[in-house]
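Enquirer: got a predicted structure plus its sequence, pasted below:
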Amino acid sequence: MHRKHFAVAFAAALTTLTMLACGAGAGDTSSAVSGSEGTNVEAAPEPTTAIGKVGQTITLTSELLGDKTVVEVAVTGPKQHTKEPGSFGSKPEKGIFLALDVTVVCKQGTYHANPFNFKFVAVDGTVFEQAFTIGFKPELHAVDLATGQKTAGKIVFDVPKAAISGGRVQIDGIGLDSNKPAAYWAL
């Protein structure tokens, strides 16, 4: 009987030690905001969700098992459209196409830039995914970036006009945090 309890206690202790040892670099994404006003908001050591204004650059940082990723992302130039550009442009189903310019710069490590990393979140918490459009050029395409590389393009959301006031653009985290919000840009 004592062997069984000892084995269970030993397994629990070993699991705890392994978790503590692997805890350095848990892969959490942190974020910081900088802007044209020269203000920087430093990220806390634990995971944070930065909130900046459209036009500001947000820095995402993640470290996992000694591999560090640092990415600067800027969301700028919000424009509302009642029709997609071009002679065959479609109309938005929900009210307005909100088009924004995005620039992603990989400062360290590697990063998979993807337009589907972005969502629009209305004040009431309603989340809107990317709209499928072809008229807004140049589009932000999914691409793998290495240190020193960058990409840019437009992202577009189909949202009710009333949702834009007070709404925010969300970017997902890096790596293990890819299913969590990492930062927001307020319109």
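Expert: On my side now, so go ahead. Only a predicted model underlies this, so the values are computations on that prediction, with no experimental measurement involved.

Enquirer: alpha carbons only for contacts and neighbour counts from here, please
Expert: OK.

Enquirer: what is the burial count for Ser62?
Expert: Neighbourhood size, Ser62 [other C-alpha atoms under 10 Å]: 24.

Enquirer: how far is whichever strand or helix holds it from where the chain is centred?
Expert: When elements are assigned from DSSP states H and E, Ser62 belongs to strand 57-64. When distances are taken as C-alpha atoms, centre = their mean, to the nearest Å, strand 57-64 is centred 10 Å away from the chain's centroid.

Enquirer: what's downstream of it, the next helix or strand?
Expert: In N-to-C order, the element after strand 57-64 by DSSP H and E is strand 67-81.

Enquirer: who does that next one touch, helix- and strand-wise?
Expert: Strand 67-81 makes packing contacts with strand 57-64, strand 96-108, strand 110-113 when contacts are defined by 3 or more C-alpha pairs under 8 Å, 6 or more residues apart in numbering; DSSP states H and E.

Enquirer: for Leu176, phi and psi?
Expert: Backbone torsions for Leu176, taken as degrees, to the nearest 10, come to phi -70, psi -20.

Enquirer: roughly how far apart are it and Ile134?
Expert: 31 Å (C-alpha to C-alpha, to the nearest Å).

Enquirer: swap in Asp158?
Expert: For Asp158 relative to Ile134 (C-alpha to C-alpha), the value is 13 Å.

Enquirer: tell me which of those two has more neighbours.
Expert: Using other C-alpha under 10 Å as the criterion, Asp158 and Ile134 rank with Asp158 on top: 24 against 15.

Enquirer: perfect, that will be all.
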